[in-house]
Structures are given as structure tokens and as C-alpha cells.
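Undergrad: pasting the structure only:
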């Protein structure tokens, strides 16, 4: 059970960055230096501990966020290594929703890259305090100060330089710690396990003093006590500086910045010190807020074990057929064997096992309390975003916003056995991944999977083949059109025929007129009951609906028409339901042919967020796709563009948008209505 002291010694943090900034390498070094692993895994040879999926090892990228726990300076660090690729940005989003702090890794050569901006804005959205690590300082073209400038410009933030690189003769040897006023160098014979603090070399002393002065000036702007001492020329102790930086970091006023090269084993221990010194414990985070479902009133829960239980399920994974749910516990505690309440589903669930995760390995625990991030076995009904709480004191925490899929692909099983496996696999995948959508399109007889990008769907199909041994054919989905009319017409048809020794008669008059977009097919009965008995009206309506399933232009369903049954006639003994159904069906088809029939295509509403400097290219591309820009909103360095674009013009858009904006723009797309081509 977590004590008050223990809670103050917990850090829930994530490592976030643009793809290829060295995030996973940083994580691997953290695990090695904290004694969690005894061998350094490398991403480039597929041995990174946190990249345990075969798809991750082959591609050298992180696809799924991996959770681990390690200890540093008597602090327990719960660490999540998140993906950097934009297709898996939802993994980052749901982790930042439950984390208290973030370590943002930048490449010293690339600086602030596109996905760095996305993850930074995601962290800002949830008010997550950040520290930054400028990695790859050993690379040719590394520029620490240019990266700092980019952070200032792109994020509108205050980077607080607490280390500067020591680069004699152009080779990165170590860091100058501006708080301790020492040079830090690492022992490469021991893989950087040990490091040494020494005096700052005279040739960089002036630069170190200048940046220390800037450090003190920056924190003096946020801390009156430091300001007073600074102005009076008093000595400011190391502890006072650290306490002041901590306060400023927690209130999101500054972002402490460190530097190093993870691959060369330099710079990681000071990062761990910074995590402990500057990032929040669960006690430092404001109480979690939610709604009491009984009263509909807002409620808060303080982070301690004595409060009623409140926890958020932020990730679900299927592991060897078992469902594992990742929880962030905000208040209260959980024990193995006890019942908990899923307030979103209105169901009791039993805790079968509690697991501390180390990537895909695990350690069993019997009980855990506030501030923990861990995995639970036994929550059968719980999905991502659900709140777990005490039934007597229910609370619904704010769920996680999921992005809408932007790309679709058609898949079909090769054999009936594969079809069965495909259905099971896709159900499991959609439980795991809320950004994956699956639907069966009866009009094209295809299973359509939709996701966040081409790589996202490629990974899903790869997993179908490997994990479920399912053979599938893959194709592009067809765009399904609709048909309508543009003219008002009146049409009359008779059906009179002998079928199997029985006469069938039907005679109807229909009035067809076009209706507003999105209104569907409306049928109106305007007969008086004398010309056609009411008993036959359902048959006439059925004939019209059947005919409307296949239009006269290209066989697509007909919509946005009002059909009025205006009259007809009746023959005693000869009028039949079959006669009226055939007459009404023929009349409808002929009427559509005369009423200037047209094709309607699906129009999507597309919401694009792009850095303002690329706005011209983005709008030009929308126009080239026959799109219409509806609204442009400027939000500082970012612009939001809302446009209407035909669906058939949106295939491949995610790739084209990234190319046009250096990968810095993103978009969401949803169906608006069917309209004329």
C-alpha cells in the first residue's frame, strides 16, 4: 500500500518524440542505468526491449506504447515509451491522458520535427509538464542552440537551458551542468554506467557563466525569492535553484532542456535526475475531475489511497488470448480478487490479477494504490476510455477523444475458415485499437477496415496473417454512389396480365419531385380510398422501395425524392397486390428516367490543421481535388481549414498532405452528405 512518502516518490512519465529522434534508445539506456535490464537493446538490430512486436523489430519503429517501471534515487518511475509515427498518434494521445509528465526527445540535427509539434500540442492539451532532451549531439550537423531557437518559435514556450554541450574540436565529450557548475563526462569503457564531475574548462567558462546568468534571470521572472536574491547579489544555492525550476516546470512556465547522445551512452543519468527533480508526483497533479452519474454534478478525487477508487482504462491488449487492461489509478486502491464497478457499462468486474509491466514481461502484485499505472487481467467488458470505480461512490472520468479514421481498405477472406478467423481477429483488434473501424458493406460485399494511415492498415493486415494465420485478399474499397432526379414528373402505369390462370391488375399514378439533399426517400399516399382500396397501398409502397434500390443511371440506390401516390384504378376480382407492386415499380423507374436522373457522390467534410506557412499549398491541393473551402481559422502559428471534398478525390490524401507540409499537417474526415458530381 502506497504511503504518503511513497506517493511523493512516484513519477508517471512518457517519452514522446518525432519518429527517429532516438526515443526508444533513450528508454533502453534508462532501463540499463536503473538496473532494470542487464543488456542494452538496440533499435537498429531489432533488439530493443520496449519494441517487442515483430513488426516493430523489422521496421525499427515503435508501434504500440510499452509500459515499464524502474527505480532511481529512491523514486519509482512508471515509464511509457510511445510511438513517433503519425499513424499511431492515438497511442501517444491516450498515454498523455493518463501521464503526469513527459520527456520530449529532439534530434540535434533535425531540430523540432513535424511529429514533435503534434506531441507537444497533445501534451499542452492535457496540461502535462515537460522536460526536453536534445539527443544525437555526436552527429555531424548537430546544433543544440538552433534546436532551442526552434522550440521557442514553434511552441511559444520558454526552454530553460540547464546544460550546454561541451564540444572541443567539434566532438561531443560531455555536458556542462549550469546548476552544479560542473563538467560531466562519461566512462565509455563501462558503457556510460559511471560518470565524472569536474571543473569547467577555462576555454568554455565565459559561455557557461553567460548561460548560467540567463538561467537565473529566467527563473527569477517566475520566483520572487530568487529575484530578490539575484538583484541583491546574494548567493543562490543549488537546492533553491532546483526547487524554483520545479515550481516553474509544474506550472508550465518553463521547459528544462538537457543534451546528450543516447546511442553513445552520454547524458542519460542527468535526465533521470531531472525527471525526479522537476516532473510531478501524483500529489503535485490537480485532483482528477469527473461527473457523479447519480447527481450529474462535478466531483473531484484527490490522489491518495484513502479516497474512493477512481481509475481510467487507457489501453486494452490481447495477449495469448487473454485480455489485459491498462489502468491509471487516480485515487483509492485495488486488490486481487475484489469486485470493481465499470460505470460506463454499468457492470461489476472482478480483478483476477494485477501486473506490473516491463514491456511484454510482467510481475504479479497483490495490491496497488493511487498514482499507479499497471495492467489488470479479468476486466471482461472494459474498453479504452472506461472508468473503473467503487459502486457506492460512482464517478465518470473524462474519456479519451479518439481520432476518426482517414483511410480505408477492402479485405476479404480467401476461404470460409479464414472468414471465421478474420471475424474473430477484427473484433479483437477493434477492442485493442479504438482508431480501427470495421464495417461490412452489403452493397459491395466487402469488409472495409479504416484506420489512421497506410502504415496503420499495413500493420493490421500483417498481424492478421502472423497472429491469426488468416489469408486475405486486399483491395481498394469502392466508392458507393447514390442517384436522384432534378425534375418534377407525373407518371401513370398499368399492369394487366394473366399469370398461372389468375388475372393480375394494377393501375397507379405517381407524382415524383426532387427533395433536399440528405432527406432520403419519402412516400406519400394521396389517394382517397375509392380509386385504390387502402389494402393495396402497402404493396404499392413496397414496389416503389424495391425499384429505388437500383436506379436508372448506374444501378445505385435512389434517394432525396418525394413520391406521391396520386391515383389509379381498381378492378373487382382482378386487382391484386402483385399487379399493383409491378405497376408502381415500373412507374417509378419510368418516372426517374424522364425526370433528368443524376448521380450523387459522397461528400466529406475535411478538417485540416496545418502550420500557416503551408496554407497556400493545402488550399491549392483542396481546389485541385474539386473541394470547396468553407472556413479558415488562424490560431497563432497554426491554421485550421474546413473544406468539403468528394470522397473519391480523398484516396491517398494523407500521404499527399504530409508531402506538401513536410509531414507537419494532419486532418480528420467525416461523411457530410451525398451531392452532385
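TA: Looks like it arrived, so ask away. Because the structure is a prediction, the values reported are computed rather than measured.
Undergrad: Could you use CA atoms for every contact and neighbour count after this?
TA: Noted.
Undergrad: Could you tell me how far the lengthiest strand in the chain lies from the centre of the chain?
TA: Longest strand in the chain, counting residues (DSSP state E): strand 597-611. Counting by C-alpha atoms, centre = their mean, to the nearest Å, strand 597-611 is centred 22 Å from the centre of its parent chain.
Undergrad: Name the residues of the next helix or strand after it that are buried.
TA: Using DSSP states H and E, the next helix or strand after strand 597-611 towards the C-terminus is helix 615-624. In terms of neighbour count (16 or more other C-alpha atoms under 10 Å), helix 615-624 has its buried residues at 615, 618-619, 621-622.
Undergrad: Ok, stretch 193-207 next?
TA: Quick answer for stretch 193-207 (16+ other C-alpha under 10 Å): 193, 195, 200.
Undergrad: what's the lowest-pLDDT member of those?
TA: Within the buried residues of stretch 193-207, the minimum per-residue pLDDT falls on residue 193 (85).
Undergrad: can you pull the contacts of residue 524?
TA: Residues in contact with residue 524 (C-alpha atoms under 8 Å, 6 or more residues apart in numbering) are 562-565.
Undergrad: mind checking pLDDT for it?
TA: For residue 524, the pLDDT comes out at 93.
Undergrad: With residue 668 instead?
TA: pLDDT, read off for residue 668, is 69.
Undergrad: Output the below-cut-off pLDDT ranges for the stretch 1-150 of the chain.
TA: For the stretch 1-150 of the chain, the stretches with pLDDT under 70 are 1-5, 19, 36-66, 81, 83-91, 94, 113-115.
Undergrad: all helices for it, in order.
TA: 4-8, 23-33, 54-59, 89-98, 114-125, 144-155 (DSSP state H, counting those that start in this stretch).
Undergrad: would TSV of those helices with distance to residue 474 and mean neighbour count be doable?
TA: What follows is the helices of the stretch 1-150 of the chain, written out as TSV (distance: least, C-alpha to C-alpha, whole Å; neighbours: other C-alpha atoms under 10 Å):
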stretch	distance to residue 474	mean neighbour count
helix 4-8	50	15
helix 23-33	32	25
helix 54-59	19	16
helix 89-98	25	24
helix 114-125	29	19
helix 144-155	40	17
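Undergrad: Of those, which is nearest residue 672?
TA: Minimum separation from residue 672 across the helices of the stretch 1-150 of the chain (C-alpha to C-alpha) falls at helix 89-98, 23.7 Å.
Undergrad: before we move on, the earlier item: quick one: average pLDDT of the longest strand of the chain?
TA: For strand 597-611, the per-residue pLDDT averages 86.
Undergrad: now stretch 327-344
TA: Here the average pLDDT along stretch 327-344 is 92.
Undergrad: End to end on that stretch, go ahead and measure it.
TA: 15 Å (C-alpha to C-alpha, to the nearest Å).
Undergrad: so is the closest residue to residue 623 other than its chain neighbours in a helix, a strand, or just coil?
TA: Leaving aside its chain neighbours, residue 623 sits nearest to residue 629 (7.9 Å; criterion: C-alpha to C-alpha, 6 or more residues apart in numbering). Here residue 629 takes the strand state, with states given by DSSP: H, G, I helix; E, B strand; the rest coil.
Undergrad: burial measure for residue 629, as a count.
TA: 17 (other C-alpha atoms under 10 Å).
Undergrad: Reformat the buried residues of stretch 193-207 as CSV; add secondary structure.
TA: Below are the buried residues of stretch 193-207 laid out as CSV (three-state DSSP):
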residue, secondary structure
193, coil
195, strand
200, coil
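Undergrad: Run through who's touching stretch 271-279.
TA: Residues contacting stretch 271-279 (C-alpha under 8 Å, 6+ apart): 11, 30, 72-73, 75, 100-103, 129-131, 133, 242-243, 245-247, 249-250, 258.
Undergrad: swap in stretch 186-205?
TA: Taking C-alpha under 8 Å, 6+ apart as the rule, stretch 186-205 contacts 33, 166, 174, 176, 181-185, 264-266.
Undergrad: Of these, which belong to helices?
TA: When DSSP state H defines the helices, the subset of the contacts of stretch 186-205 inside them is residue 33.
Undergrad: Out of the contacts of stretch 186-205, who's the most crowded?
TA: residue 266 (29 neighbours).
Undergrad: I'd guessed that one sits against residue 174; true?
TA: Yes. Under the criterion of C-alpha atoms under 8 Å, residue 266 lies in contact with residue 174, with a separation of 7.0 Å.
Undergrad: Overlap of the contact sets of the two?
TA: By C-alpha under 8 Å, 6+ apart, the residues touching both residue 266 and residue 174 are 185-186, 260.
Undergrad: contacting residues for residue 527?
TA: 565-567.
Undergrad: what do you get if the cut-off is 10 Å, keeping everything else the same?
TA: By C-alpha atoms under 10 Å, 6 or more residues apart in numbering, the residues touching residue 527 are 509, 533-534, 537, 564-568.
Undergrad: Which two of the residues you listed have the greatest separation?
TA: Farthest pair in the contacts of residue 527, by C-alpha to C-alpha: 533 and 564, 15.9 Å.
Undergrad: These two - which one has more neighbours?
TA: The neighbour count for residue 533 versus residue 564, taken as other C-alpha under 10 Å, is higher for residue 564 (19 against 13).
Undergrad: The more buried one touches residue 492, doesn't it?
TA: No. Residue 564 is beyond contact range of residue 492, at 11.9 Å (criterion: C-alpha atoms under 10 Å).
Undergrad: circling back to that earlier point, what's the closest of the contacts of residue 524 to residue 465?
TA: Once C-alpha to C-alpha is applied, the member of those that ends up nearest residue 465 is residue 562, at 48.1 Å.
Undergrad: Specify the local secondary structure of the closest residue to that closest one other than its chain neighbours.
TA: Nearest non-adjacent residue to residue 562, counting by C-alpha to C-alpha, 6+ apart: residue 522, 4.6 Å away. The assignment at residue 522 comes out as strand when based on three-state DSSP.
Undergrad: Next, the distance between the ends of stretch 294-302.
TA: For stretch 294-302, the end-to-end distance is 20 Å (C-alpha to C-alpha).
Undergrad: how far does that stretch sit from the chain's center?
TA: 27 Å.
Undergrad: Output the contacts of stretch 186-205 as a markdown table; include the columns distance to residue 22.
TA: What follows is the contacts of stretch 186-205, written out as a markdown table (distance: C-alpha to C-alpha, whole Å):
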| residue | distance to residue 22 |
| --- | --- |
| 33 | 17 |
| 166 | 20 |
| 174 | 18 |
| 176 | 22 |
| 181 | 27 |
| 182 | 26 |
| 183 | 24 |
| 184 | 21 |
| 185 | 20 |
| 264 | 12 |
| 265 | 12 |
| 266 | 13 |
